[in-house]
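J.: structure, please.
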Amino acid sequence: MAGTFVLITGAWHGGWAWRPVAEHLRAAGNRVLTPTLPGLSDGADPTPYTLEDVIDSVVDLVEGEDLHDVTLVGHSWGGYVIAGAAPRLAPRLRKLVFWSAFVPAEGRSLYDEVPPQYQALFDGQAAASGNNSVAMPFEVWQAAFLPDAPEDVQRTVHSLLLPQPMQYFTQPVAPLDLDTLGVPVVYLLGEDDIALPPGEYGWNRFAERLGVAPVPAPGSHEACFTRPAELAETLLKA
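T.: Alright, predicted model coming up:
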């Protein structure tokens, strides 16, 4: 059954990152919206916004377009965004889908959930940036986020990434109360996703936090670029 998808990106991305997946979802008869979030447009000043501003922008989009029967999808950092928006949009939602995404816990930000080496990277980047933002180093991107692509593709996509406002990583979001929410929740877990190292800091703990079994999804953390048709099919079946 066709419906409406609102696809929320992870850190450093704009709505453009969803285009290959969105094309497959639209070909199946769905309406698809892929917003670029505040502070993540080319040339945008990342300093004035909070994570709450980002959440507000998604709520405003769904309400402003008067969308219903929405599958709201969040990738990676976007898990915080959809978790913040979902309680305010619950009557309009068909499903909430986390794809290799962070799931909020009480009082814990994304910064609190990543390994120490990422914390050190974020701290150093933000301090050196002059505007409290974090750039993605190519070597980290290549090895952990998009290892399943040729180097020319890795470099091309990396060149499109924008610095992420550090405050988006340090501000927490209230955890979901799934009983009150009343919306089905799915957790898609990338089969080859090593953006968070397996073990203590691995992605599988977030499905456990939701109380659901993870559903396998194809590819690496950035399968939206390398395996978009399969990822779209997984979203349709979720």
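J.: ok, residue 132 - contacts?
T.: 46, 47, 126, 165, 166, 167 (Cβ atoms under 8 Å, 6 or more residues apart in numbering). Placement of C-beta: from N, CA and C, glycine included.
J.: give me the low-pLDDT residue ranges for this protein?
T.: 1 (pLDDT under 70).
J.: quick one on the thing from earlier: with distance to residue 173 as extra columns, can I get the contacts of residue 132 in CSV?
T.: Listed next are these as CSV, based on distance: Cβ to Cβ, whole Å:
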residue, distance to residue 173
46, 19
47, 20
126, 20
165, 15
166, 16
167, 13
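J.: in strands, which of the residues you listed appear?
T.: The strands, defined by DSSP state E, take in residue 165 from the contacts of residue 132.
J.: of all the contacts of residue 132, which comes closest to residue 88?
T.: Set against residue 88, the nearest of these by Cβ to Cβ is residue 167 (20.7 Å).
J.: how near is the closest residue to residue 190 other than its chain neighbours to residue 62?
T.: Once flanking residues are discounted, residue 190 sits nearest to residue 100: 4.5 Å by Cβ to Cβ, 6 or more residues apart in numbering. From residue 100 across to residue 62, the span is 23 Å (Cβ to Cβ, to the nearest Å).
J.: again with residue 225
T.: 26 Å.
J.: on that earlier part again, any chance of the contacts of residue 132 in JSON lines with distance to residue 116 and neighbour count as columns?
T.: Below are those laid out as JSON lines (distance: Cβ to Cβ, whole Å; neighbours: other Cβ atoms under 10 Å):
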{"residue": "46", "distance to residue 116": "24", "neighbour count": "21"}
{"residue": "47", "distance to residue 116": "26", "neighbour count": "13"}
{"residue": "126", "distance to residue 116": "16", "neighbour count": "21"}
{"residue": "165", "distance to residue 116": "21", "neighbour count": "30"}
{"residue": "166", "distance to residue 116": "16", "neighbour count": "21"}
{"residue": "167", "distance to residue 116": "20", "neighbour count": "20"}
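J.: state the pair within the contacts of residue 132 that is farthest apart.
T.: 47 and 126 (11.3 Å).
J.: any buried residues in stretch 208-220, and which?
T.: Residues 209, 210, 212, 214, 217, 218, 219, 220 are the ones in stretch 208-220 that count as buried (16 or more other Cβ atoms under 10 Å).
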